[in-house]
Structure formats: C-alpha cells, structure tokens
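1. below: sequence and its predicted model.
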Amino acid sequence: MENKNPVIYYSFDAVPTLAELEKKHILTALHHCGQNKSKAHKMLGISLKTLYNKLHEYGILKTNENKSSETPEGKS
C-alpha cells in the first residue's frame, strides 16, 4: 500500500521551530474559518481559551482586544 502523505524535508539551516509551525497552523485555520475563532479552535482540536492564549502569545491578538466582542449581544 502506497503512503499518500508527503514527507517534508528541510535543510538543517531552514528548519522552522515548533512555535513557528504552530503559529502558521493557527493562522491557516483562522483563514479557512473566515477569522471565526469559535470554528478555528474546533478545527485545531484545542479549547477556545487555549486558542486565545496562543493568539496572545504569538502577537496575533492584541491584549486590548476583547473576547466578548465575538459573542452576540446579551450573551456572555
């Protein structure tokens, strides 16, 4: 049976860090979900809280941006 998953080889000098790969993966998921964090966290298999923590950690989401801005009015 043939393996259809490609193996990606990097030159030693160009190996991205796990943090760089994770950040890129998060950005890709957000792009595919139309920047909808509720959908992106499910696609990534992580909690919404973890996604927000990662967004802050990687500087994707500024500290002053409020999580509640995504929830409909009247719901918390």
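-> Everything's here; your move.
2. where is the longest helix in the chain?
-> helix 18-32 (DSSP state H).
3. in the protein, where is pLDDT below threshold?
-> Applying pLDDT under 70 to the chain picks out residues 1-3, 10, 12, 63-76.
4. residue contacts, the residue most central in space within it?
-> By CA atoms, centre = their mean, the chain has its centre lying nearest to I26, at 1.8 Å. Taking CB atoms under 8 Å, 6 or more residues apart in numbering, we find I26 in contact with A40, L44, L51, K54, L55, Y58, I60. From N, CA and C alone the C-beta is placed, and that goes for glycine too.
5. wait, which of those residues is closest to P6?
-> Nearest to P6, judged by CB to CB, of the contacts of I26 is L44 at 21.1 Å.
6. go ahead and confirm the closest one touches A29.
-> Yes: between L44 and A29 a contact is recorded at 5.2 Å, counting by CB atoms under 8 Å.
7. okay, the nearest residue to K23 once chain neighbours are set aside and I8: tell me how far apart.
-> Leaving out its chain neighbours, the residue that sits closest to K23 by CB to CB, 6 or more residues apart in numbering is Y58, at 4.5 Å. Distance, Y58 to I8, by CB to CB, to the nearest Å: 21 Å.
8. next one: V15
-> V15 is 10 Å from I8, by CB to CB.
9. one more: A29?
-> 18 Å.
10. can you check N36 too?
-> In terms of CB to CB, N36 sits 28 Å off from I8.
11. before we move on, back to that, what packs against the helix or strand that the longest helix of the chain is followed by?
-> Going down the chain from helix 18-32, the next helix or strand is helix 37-44, by DSSP states H and E. Under the contact definition 3 or more CB pairs under 8 Å, 6 or more residues apart in numbering; DSSP states H and E, helix 37-44 sits against helix 18-32, helix 48-57.
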